[in-house]
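Participant: Dropping the sequence and predicted coords here.
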Amino acid sequence: MFQNKITAQFSQTRKYVLTICFCLLALGGLAQKQRPKIGLVLSGGGAKGIAHIGVLKAMEEAGLSPDYITGTSMGSIVGALYAAGYSADELAKIVEHADWGLLLSNKIPFNEVTFEEKPYYGRYLFDFYIKERELQLPKGIIEGEALMRLFSNLTRPVHGITDFNNLPIPFACIGTDIVTGERVVLNKGSLAMAMRASMAIPTIFTPVKIDGHLLVDGGLVHNMPVTEVIDMGADIVIGVFVSSDLAEEENLNSAVSVLTQSAFITSAFDSRKELAKCNLLIQPKLDGFSTGSFNSSNEILERGMESGKEYLEVFKKLADSLNQFGPAHKVIKPQIQTEYVFDEVLVEGSTTIDKEFIIGKMRVKPGESVSIGHIEKRLQLIYGTLYFEKLWYEILGPPDHLVLKIHVTERLKTQLRFSYHYDSENKGGVVANATFRNTVLNRSRLVLEADLASYPRTTIDYFKYLGRHQNLGLQLLGSYQKNEFPIYDSLGNLNYLFSSNYTTATFRFQTTLFQNGAIGLEARYNDIQIKPKIAESSIRTISKIDYTNTYFSLYYRFDNWNERYFPTRGIKAEFKVSATTKPDATVVISDTLILGPDQLGSLLETENIASVDLTLFPIIPIGDRFSILAKTRLKVSTLDADKLNLADYDFVGGFIPGWGNANEYFGGNAKEYQLANYFYGRLSLQYQMKPSLYLQGHFNYINSNLGIEDVQMSKLGDRTNRFGYGASLGLNSPLGPLIFAFAKDHFRDEWKATLAIGFYY
């Protein structure tokens, strides 16, 4: 088979013969007194391309430096960075520290999403875009924004070099024009963009547009660009091939394998021709690894190191032969700066979003020194607004006139998102979300969301950035939620059950200066209507209770959890000082008799109500797999217990809060306690059993007797303090999180359990 012919596991005798051939070839050029040029060709192969670094390491150790490099796909990434001046050790460190899960996805880390977008991010199973009233399906699963930003950062020392022949080592890579099916040699323009185009696996990564070509992975037609390195001037070609030939019949045992084989027939035949042109062909032993084995990157790198060591003597003898013509050209890596002084900031690619939105948020003033860390941080913040699909930068121009050029690809204005959820306490539903960006006004976002559920919910959320630097935001929020409002006796038995309709209208004015936090002012109008569903005869005549108030607060909120579900590090915090004015309530009896505040007397607090709320929820990693989850909540209010001021209480109890003012208490019934004043503490230990599987053990405590003068105590059933314990098992699946949890209140015999499936909130 052809595969056996290209195997690079040579015996020592064959290596020696090959070395003699190279020496003769090198000495043959002595008459012309020209040093023969070394061309290095790195094939594509997905994750297996990491093995290229091991071969480069051996070449460095032998003192053998390539004069030209060509590559395809993963070979283009390794080759481009090496051509830009990175050493093999530096490339190995890049691989070691790479977050492949992030780089090979469309995912934005939760702590990089701006605070105003966090309520909606990561809560949907599907999302689509609308353009000119037509549904737009993506051209690939992965946009690769995180990957592009990494390429932009790594190549910044050579951003100003637009001819790849002028890199420290001349370089070229291959893309495939998906329109014409032709190979395209990428040897000019942006090195970062060329790398991204060459590895754009069709249907996985979105195509890249360069010079009128719509480009995908070059490996589709030309996986081993030997011809190109010879055309550049190479006399001796060293090829590293980490891909494979066509599979044999016995391995074509599924529709997927047949489809994959058919897609790469052209490339396989082309590779056979190209491999025959190599003077030295190296094929690392990569059995057991696939193109997607990025989680095994360290093992693949080690295999590459082993392969490089096998050829170390060959490389040394070849280097010695070439050195008879004089020293090899010295590869000088351009200086990597950490501070820059820009004369200008430009934006390219912006169409509907005005450039001032981007320039203002960058906060880069001409003539002032700015760090690369600041640039990366501000780009993170801008991308976290979710207005853009792609965002990367170049540093261009001579030292006396540096230009920071921001390249953007905007998201379409209209986005549709869908998800589902179910849990034992709050039932299930399907969520539909329509998001409109820059539709009502520029620099604004409008969200319309409906939860078609047992307890339906609707939301209208309008957010507008304000100011030249968009450091402030105005939010108008309206919501409606239908739910159930239970009342339990002192032993935890259900006494009454009310249906409830909760409507709010909110005005917020807050900072947008910080990516993960906001300081703001809020004014909210609340209206709660409840009707009895299950009740004793003494209150069965009540037809409806209608409570309204106006609520003002000053708040600070912060959230830098690394994940929405199953976070392993970060802090969530809120501090809020509030005042409620004009509380009002009416009670309708037998559909005819209406009692207002004057008749309700002691059942309604009609004076202003002041409160202070503090919540801290840090998640502290311990080693690689363990995290401590420590939540505390303190609420202190001037409201007395057992009033009808329903919007001013917290509803405490259960596993997953399903109410606007809610807090969990593992071991209690859902929304069992209505509390104006209390302290809640929870300590959990989380163990990450597998990348997406989590086991948690919980202990939580609640106390309604705060011992503060003029602060009234509430009852927690037959006690003023309680504690409970339990455990949960969670799976962060592609179809959404799945949780099974159980817990027990220490003072009761009954165990509580819940099952949650989908994107609960």
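Facilitator: Cool, the structure landed.

Participant: then stretch 423-432 to CSV, C-alphas only?
Facilitator: Written as CSV, here are the backbone C-alpha positions of stretch 423-432 (Å, rounded to 0.1, in the frame of the first residue of the first chain):
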residue,chain,number,x,y,z
ASP,A,423,-37.5,21.2,37.0
SER,A,424,-39.7,19.5,39.6
GLU,A,425,-40.4,22.7,41.4
ASN,A,426,-41.1,25.2,38.6
LYS,A,427,-42.4,22.8,35.9
GLY,A,428,-41.3,23.1,32.3
GLY,A,429,-41.4,25.4,29.3
VAL,A,430,-40.0,26.5,26.0
VAL,A,431,-38.3,29.9,25.7
ALA,A,432,-38.3,32.0,22.6
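
Participant: next one: that stretch to chain centre, how far?
Facilitator: 25 Å (Cα atoms, centre = their mean, to the nearest Å).

Participant: Go through that stretch and flag the buried ones.
Facilitator: If you call a residue buried by 16 or more other Cβ atoms under 10 Å, then stretch 423-432 has these buried ones: 423, 424, 425, 426, 428, 429, 431. Quick note: C-beta positions are derived from backbone N, CA and C, even for glycine.

Participant: can you check stretch 359-372 too?
Facilitator: 359, 360, 361, 362, 363, 364, 370, 372.

Participant: Look up which helix or strand the residue nearest to residue 450 when sequence neighbours are not counted falls in, please.
Facilitator: Excluding its sequence neighbours, the residue lying closest to residue 450 (Cβ to Cβ, 6 or more residues apart in numbering) is residue 458, at 5.0 Å. Using DSSP states H and E, the element containing residue 458 is strand 457-466.

Participant: any residues touching that strand, and which ones?
Facilitator: 116, 119, 357, 429, 440-441, 443-451, 472-482, 512 (Cβ atoms under 8 Å, 6 or more residues apart in numbering).

Participant: Please repeat the previous calculation with a cut-off of 6 Å.
Facilitator: 116, 443-451, 472-481 (Cβ atoms under 6 Å, 6 or more residues apart in numbering).

Participant: try stretch 521-535
Facilitator: 485, 496-509, 542, 544-554, 646-647.

Participant: Going by neighbour count, which of those residues are buried?
Facilitator: Taking 16+ other Cβ under 10 Å as the criterion, what is buried in the contacts of stretch 521-535 is 485, 496, 498, 500, 502-504, 506, 508, 542, 544-549, 551, 553, 646-647.

Participant: which residues of the stretch 1-150 of the chain fall in helices?
Facilitator: 2-5, 12-28, 52-62, 74-83, 88-97, 100-103, 145-154 (DSSP state H, counting those that start in this stretch).

Participant: So what's the model's average confidence on the third one?
Facilitator: I take that to be helix 52-62. Helix 52-62 comes out with an average pLDDT of 95.

Participant: mind checking how far it is from the chain centre?
Facilitator: 34 Å.

Participant: tell me what it is packed against?
Facilitator: For helix 52-62, the packing partners by 3 or more Cβ pairs under 6 Å, 6 or more residues apart in numbering; DSSP states H and E come out as helix 88-97, helix 297-310, helix 312-322.

Participant: let's see it at 7 Å
Facilitator: helix 74-83, helix 88-97, helix 297-310, helix 312-322 (3 or more Cβ pairs under 7 Å, 6 or more residues apart in numbering; DSSP states H and E).
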